[in-house]
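Q: fold the following for me, if possible:
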Amino acid sequence: MASTNNYWMDMACMVPYSQKLLSLAIYDESKQRAMEFRKQYNQEQQEQSKDRSKAAASIASSFSSSSSQKAAIMAMTMMTDPNAIRRLSDVRIQVLDDYLRPSLIPNQLWSDIEQSWRYNLRIVAWARKEFLIGKYGPYIQEALVAYPQLRNSPQLSLTSSGGGNRRQLLLDLVHRGEINTDNIGVDASKNMASPFLQLPPSDIIMNAFRMQQWSKNKNTERISNSLVPIAKNIGGAILQQRSSSEEGSCEITKHIDVPLEADVSSSSLEDILEVVTKGYLKNCGPLNALCQEANFYQLYSREYVQNLGDYLLKRTAARCLADDTRQRKRQSQNSNDINYDFLEERPFMSPETVVLDIGAGDGVLMHCLRDYMERKVMGLSLSDNKRGNQRKNNRSNNVYSRRHQPMAIPTMVATDDMSWRIFAKADVEKLSVEQALEKYTTNLTTENNSDDDSSSSDYQKDQDQLRPQVIVICSWMPMGEDWTALLRKAEVDEYILIGEADDGSCGDNWLTWGNPNFYDFVAIENNSEVDKGRTDNDTSSPTPPYVAEGYQRLDMDSITKYQFSSFDLATSKSSKTVSFRRRKRRIA
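A: Prediction:
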């Protein structure tokens, strides 16, 4: 099998340049055909307008006779007509077939695919993106028109770094000829001041992108089964394949083997890409296309941020309570008069817990989490509906921990090395993973050691009591890389991984997730301390690296159900939120 995943080889062969030219050609042709379709649609509407466009005509009559306003009304009517949306999608798919097929399958044989680009991840990802945007672009535009909450999402908007006026970004796809952003009203509600309240609720996301019947659980078997009829039509068969990655992990997957001489001229481009992407195309929808076009892996819902924020607040309160208990114990040992004033003087932001977002990208997740926690702790409204929701802006009325001290939010920091050149939409500190851990774990521990009273012998017993509780969040770790070894080496108290788990495209399936199906003995050479002493004849399940290093896993299913990602399918939900928490040490 030919594998050409060498970035520099692709650059030398001008692959990115060729992709850009093809994308521009598809863009221009789609725009031209969309304009032609719009003219045809308007003519059909005029011929049959007595019944079907009666409502649109009455609305248009309420405006002035401006041609631009009438054009806007007709465009909006087309974007909300299901039949027009479906026909426009077919037009765009035909454009993709006209341009991609001659470029990717010039001889209409499977050998064009197998020997040239099937195993080039960058080409496959690009082809998948172009197809998803082409097929589902009109459906996304329909959703953006119908649901203003989507347009107001912080992930779909840009704010200048200097704090200038907020401008709406309805993505490059709306400039492909179907719609003028000037004709779409912006919901200038008071929620604009709150990033959390700008997030779309999960029911809006499911309704807008037609996901009500999508699977709520992961089911890789359904993905494989959906490939069986396609493989049969092409003339191939599904085989089990075992391969080792450069990182040392072993992957066992189902592989579609197709004869090189197989004629694919009668196979649709969608079926071919379904085989190449291993089942991650035909069961996609408008949400997948939106994530691809907007260049993010996950569309954050309001409930997702709320539940994750509540979890972090509980973890912060638990640490505060533990520290308060130790402080009361120290006071009782040193004096008969116990002073409880420190409970009322707790700062709004707790220095005892640090939430560190590594690889934060645009910083939107941490920005929304911080806003939610501040609103909850300060007693502000957490809903669009003001009735019964507005609480006094007074910490004495906010959320309390079990010992009735006012809850504080953790210290929150978003970091990224900026190597992916993602536009930051919130505060993001330019630090690599190693630099972030050095600054917010090692250095803070040293500072606490130097500032602590030398007479406090209890604090010297355990290193964990001398430093802040550090919780690391990592969203969609790059495929094939493992940052969790660095997190465990730094002895962070907990790390939360967001993305595809166990057998997906986030991190390493063995080193990060500990999936035994991806374990290989080559991993012993790379991590000699993990499963040291195992032999080739040992059939017992290998110990995951996180277990060997003293961490335990918790699948956060109550949060995952509000998660919507680029790789979720109608037949299987692939994204998850998983916590790995360090076990407490026993003090001798």
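Q: can you list the weak-confidence ranges in the stretch 1-150 of the chain?
A: Along the stretch 1-150 of the chain, the parts satisfying pLDDT under 70 run over 1-5, 49-80.
Q: to clarify, my last question referred to the chain.
A: Using pLDDT under 70, the chain drops low at 1-5, 49-80, 158-192, 241-253, 323-348, 384-406, 443-466, 521-540, 585-588.
Q: quick check: longest strand of it.
A: strand 349-358 (DSSP state E).
Q: check which residues of that strand are buried.
A: 349-350, 352-358 (16 or more other CB atoms under 10 Å). Quick note: C-beta positions are derived from backbone N, CA and C, even for glycine.
Q: same check on stretch 125-137?
A: 126-137.
Q: ok, stretch 307-324 next?
A: 307-313, 315-317, 319-320, 323-324.
Q: which one of these is nearest Thr577?
A: For the buried residues of stretch 307-324, the closest approach to Thr577 (CB to CB) belongs to Leu308, at 7.1 Å.
Q: how far away is that closest one from Glu438?
A: Noted for Leu308: a distance of 26 Å to Glu438, by CB to CB, to the nearest Å.
Q: got it, and Asp362?
A: Distance of Asp362 to Glu438, given as CB to CB: 23 Å.
Q: same check, this time on Ala84
A: 56 Å.
Q: just Ala322 next, same as before
A: 25 Å.
Q: tell me what the host helix or strand of Lys232 is packed against?
A: Using DSSP states H and E, Lys232 falls within helix 220-234. Applying 3 or more CB pairs under 8 Å, 6 or more residues apart in numbering; DSSP states H and E, we find helix 220-234 packed against strand 237-244, strand 250-257, helix 269-276.
Q: how about it: buried residues?
A: 220, 222-224, 226-227, 230-231, 234.
Q: cool, stretch 134-150 as well?
A: 134-145, 147-150.
Q: so Val413 bridges to which residues?
A: Leu356 (DSSP bridges).
Q: surely it touches Val428?
A: No - using CB atoms under 8 Å, Val413 is not in contact with Val428, being 9.2 Å away.
Q: now the angle between strand 349-358 and the very next helix or strand once past the longest strand of the chain, please.
A: Toward the C-terminus, strand 349-358 is succeeded by helix 364-378 as the next helix or strand (DSSP H and E). Relative orientation of helix 364-378 versus strand 349-358 (axes from the mean of the first three to the mean of the last three CA atoms, to 10 degrees): 160 degrees.
Q: strands of the stretch 51-200 of the chain, residue ranges please.
A: Here the stretch 51-200 of the chain has its strands, by DSSP state E, counting those that start in this stretch, at 157-158, 167-168.
Q: sorry, that was for the stretch 401-550 of the chain
A: In the stretch 401-550 of the chain, the strands defined using DSSP E, counting those that start in this stretch lie at 409-416, 429-430, 469-475, 494-500.
Q: picking up where we left off before, Ala84 and Glu438: which is more packed in?
A: Just comparing Ala84 and Glu438: by other CB atoms under 10 Å the higher neighbour count belongs to Ala84, 20 against 13.
Q: surely that one meets Arg38?
A: No - using CB under 8 Å, Ala84 is not in contact with Arg38; the gap is 9.1 Å.
Q: and stretch 410-424, end to end?
A: Start to finish, the residues bounding stretch 410-424 are 22 Å apart (CA to CA, to the nearest Å).
Q: stretch 472-482 too?
A: End-to-end distance (CA to CA), stretch 472-482: 14 Å.
Q: buried residues of that stretch, list them for me.
A: 472-477, 480, 482.
Q: over to Ser194: give its phi and psi.
A: phi -120, psi 110 (degrees, to the nearest 10).
Q: ok, and the closest non-adjacent residue to it?
A: Nearest residue to Ser194, sequence neighbours excluded (CB to CB, 6 or more residues apart in numbering): Asp371, at 5.8 Å.
Q: all helices of the stretch 101-250 of the chain, in order?
A: 110-114, 121-146, 148-151, 195-198, 202-208, 220-234 (DSSP state H, counting those that start in this stretch).
Q: let's have those helices in JSON lines, adding distance to Arg553.
A: Shown next, in JSON lines, are the helices of the stretch 101-250 of the chain (distance: least, CB to CB, whole Å):
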{"stretch": "helix 110-114", "distance to Arg553": "38"}
{"stretch": "helix 121-146", "distance to Arg553": "28"}
{"stretch": "helix 148-151", "distance to Arg553": "34"}
{"stretch": "helix 195-198", "distance to Arg553": "28"}
{"stretch": "helix 202-208", "distance to Arg553": "25"}
{"stretch": "helix 220-234", "distance to Arg553": "19"}
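Q: indicate which one of the ones you listed is closest to Met14.
A: Using CB to CB, these put helix 121-146 closest to Met14, at 12.7 Å.
Q: report the angle between the closest one and helix 269-276.
A: Using the same axes, to 10 degrees: helix 121-146 against helix 269-276 is 130 degrees.
Q: just to revisit the earlier point, and the buried residues of strand 349-358, which is closest to Pro286?
A: Nearest to Pro286 among those, counting by CB to CB, is Asp357 at 27.8 Å.
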